[in-house]
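1. need the 3D shape of this:
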Amino acid sequence: SDLGGKVVPKLNWSCPSDATWINPCASLACTNAEEVVLMMKSSDRVAHDLEVLQQQQQQQQRAGSSAAALRPVLVLRKWYELRPEREYRCFVRGGQLVGL
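-> Numbers count the residues shown, from 1 in each chain. Predicted coordinates for the structure are as follows:
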């Protein structure tokens, strides 16, 4: 309820934007834990990120590295209803906005 009833789930790396097809409202908005889990499990992007993370951790273990392992974090962001025609893609280089 602190987030307004609808959230966008993501990992600390990526968002399951390829799994909107499975959500009843065909968007990233989730209203309960079941929808969050369904979106995360159905996303190829999330699966790929977790596979890469697992491979990196295995390589670190084989090398005997004592470096701190990266850990996936589930992030829930407040859902905002945006009109697609008002979205912009921004390009940043060296901390400066270079294109819109």
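2. going by C-alpha atoms from here, please, whenever you check contacts or count neighbours.
-> Fine.
3. so which bits of stretch 73-84 are buried?
-> Neighbour-count burial for stretch 73-84 flags 76, 78-79 (criterion: 16 or more other C-alpha atoms under 10 Å).
4. then stretch 28-41?
-> Using 16+ other C-alpha under 10 Å as the test for burial, stretch 28-41 gives 28-30, 35-36, 39-40.
5. before we move on, what about stretch 10-28?
-> Under the neighbour-count criterion of 16+ other C-alpha under 10 Å, stretch 10-28 has 10-11, 15-20, 23, 28 buried.
6. right, and the pair among these with maximum separation?
-> The distance between the two most remote of the buried residues of stretch 10-28 (C-alpha to C-alpha) is 17.4 Å, for Leu11 and Asn23.
7. in a markdown table, list the buried residues of stretch 10-28 along with secondary structure, distance to Gly95 and pLDDT.
-> Converted to a markdown table, the buried residues of stretch 10-28 look like this (DSSP: H, G, I helix; E, B strand; the rest coil; distance: C-alpha to C-alpha, whole Å; pLDDT from 0 to 100):
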| residue | secondary structure | distance to Gly95 | pLDDT |
| --- | --- | --- | --- |
| Lys10 | strand | 24 | 92 |
| Leu11 | strand | 23 | 90 |
| Cys15 | coil | 23 | 91 |
| Pro16 | coil | 26 | 93 |
| Ser17 | helix | 26 | 90 |
| Asp18 | helix | 28 | 93 |
| Ala19 | helix | 31 | 93 |
| Thr20 | helix | 31 | 90 |
| Asn23 | coil | 35 | 87 |
| Leu28 | coil | 28 | 90 |
